Structure formats: C-alpha cells, structure tokens
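**Student:** how does the following fold in three dimensions:
(one chain, ligands or ions: 1)
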Amino acid sequence: MSESILIINGATRKNGNTDIIISRIIESAKSNNFKPAIIELRNKNISNCIGCYTCLKDSKCFFEDDMTEIRNNINKTELIIFASPLYWCVVTGLMKTFLDRLFFYYHPHNKSLIAGKKAIIVTPMNQKDINSESEVLVDFYKRLFNCLGVKIVDMFFFNDIMAKGSVLDKPEHLEQAYSIGANLKKLKIG
Ligand SMILES: Cc1cc2nc3c(=O)[nH]c(=O)nc-3n(C[C@H](O)[C@H](O)[C@H](O)COP(=O)(O)O)c2cc1C
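**Tutor:** Numbering: from 1, shown residues only. Here you go, the predicted structure:
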C-alpha cells in the first residue's frame, strides 16, 4: 500500500497549521495500514511553467527539475491529497507553481498517466465562512482536475485558524483531519 497515497504539501510555513493537519492525516492513515508518501513543495526545486508548450508538442517537459521525480511518484499513486492554506481565496504560490506544471499531463500521451486518479483537497483558512470564502478555490480545483480527468472525492476545510499552530486549539479540526486518514479504506485504495 505504500505507493498508493501521495500527499502534496503546498504550505510555505514550517510547522504551521497545514503541517499539523497533514501529520494527523498521516497518523490515522498509518493506523489503517497505509503509508502515505509526502512531498513538501517548499523543499523542492520546481521552476515556474514558462508556457513553452514543449509538453504539448513533444509530450516532454522542457525542465529537468524536481518535478521529474514528483511526476514519477504521481504516476504510481492512486490517491493524491493536495494540501495548501487558502491564500487570497486560492492556493499558495508554491502550490500554484506545482499545479501549473501538471500541464504536462494535458498532452494526450501523458493524460492516461494521471486520468482516473482520485484527489482529496485539504485547506486551512482564516475566515469563518467556509462557503463564501472557498467558492473560488472549489471552482479552480474542479476546472483544473476536470481537464486532467482527476476525480475529486472530497474537500476538507479547516476554518478560523490564522496563527501558526492555532489548529491545535480546535479539537473538531484535529478530529476532522484524523477522519481523513481513517476513512481511506472506504475509497478502496491500495
Ligand atoms: C498571503 C496570505 C493570504 C491569505 N489569504 C487568505 C484568504 O484568502 N482567506 C482565508 O480565509 N485565509 C487566508 N489566509 C490565512 C491562512 O490561510 C491561514 O493563516 C492558514 O492557517 C495558514 O496555514 P499555515 O499555518 O499552514 O501556513 C492568508 C494568509 C496569507 C499569509
């Protein structure tokens, strides 16, 4: 089961709310015999997509950077958890840069490498009103993954947390994070 779940951490802040939520997900996933792999984007070298369309022409990416290794991980994974704090109603720049580079999979030869995979979205945020604050993000992810044939199985929001580590004061959030790992079996992963 070790290769079947990949967590992409798009948080810029080390030991912040996203990291804490992810560690709870991993804890519960492990207690259900899953061993998720995790990629911390802040520790990776990922160039901005320059729109050269080499991927569309030749089905290869122009860049040789850490995305090569990350794509290898994606290709052998069934479920990808995309975790990023809400930044200006969408994702961090780190996560956006990473998502832009998934354009590689838009080429018909590459699309089968990602199409059919499952995605879970995890979003810590400061505002209380999840519905209005998450509107743009939900639309953004839906459109993106619709293009790539990735199925979003669930989206989880962790509202009303701003300061570093403040999620630790929200037992309901910690519980929700734990439930993500605990419910993976229902998705028939592995
Ligand atoms: C540049 C920036 C933009 C943000 N934009 C939003 C936003 O649009 N909506 C919101 O609810 N919170 C927003 N926040 C708050 C973060 O989502 C929140 O503090 C989150 O808990 C940070 O996660 P972290 O501890 O993993 O860094 C923003 C924070 C920063 C630094």
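
**Student:** any residues of this protein in contact with the ligand? List them.
**Tutor:** Remark: the part of the chain in contact with the ligand comprises 11, 13, 16-18, 85-89, 124-127, 133, 161-162, 164, using CB under 6 Å from any ligand atom. Heads up, the C-betas are built off the backbone N, CA and C, glycines and all.

**Student:** list only buried entries from those residues.
**Tutor:** The neighbour-count criterion (16 or more other CB atoms under 10 Å) marks 11, 16-18, 85-87, 124-125, 133, 161 among the residues of the chain next to the ligand as buried.

**Student:** secondary structure, pLDDT and distance to residue 179 added to the residues you listed, as TSV?
**Tutor:** Below are these laid out as TSV (DSSP: H, G, I helix; E, B strand; the rest coil; pLDDT from 0 to 100; distance: CB to CB, whole Å):
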residue	secondary structure	pLDDT	distance to residue 179
11	coil	98	20
16	coil	98	21
17	helix	98	17
18	helix	99	17
85	coil	98	20
86	coil	98	20
87	strand	98	25
124	strand	98	16
125	coil	98	18
133	helix	98	22
161	coil	98	17
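
**Student:** mind giving me CSV with these and columns for distance to residue 144?
**Tutor:** Output for those, formatted as CSV (distance: CB to CB, whole Å):
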residue, distance to residue 144
11, 19
16, 24
17, 23
18, 19
85, 18
86, 16
87, 16
124, 20
125, 19
133, 19
161, 25
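
**Student:** show me what contacts residue 103?
**Tutor:** With CB atoms under 8 Å, 6 or more residues apart in numbering as the criterion, the residues that contact residue 103 are 49, 55.

**Student:** do you know how far it is from the ligand?
**Tutor:** The span separating residue 103 from the ligand equals 24 Å under the rule CB to the nearest ligand atom, to the nearest Å.
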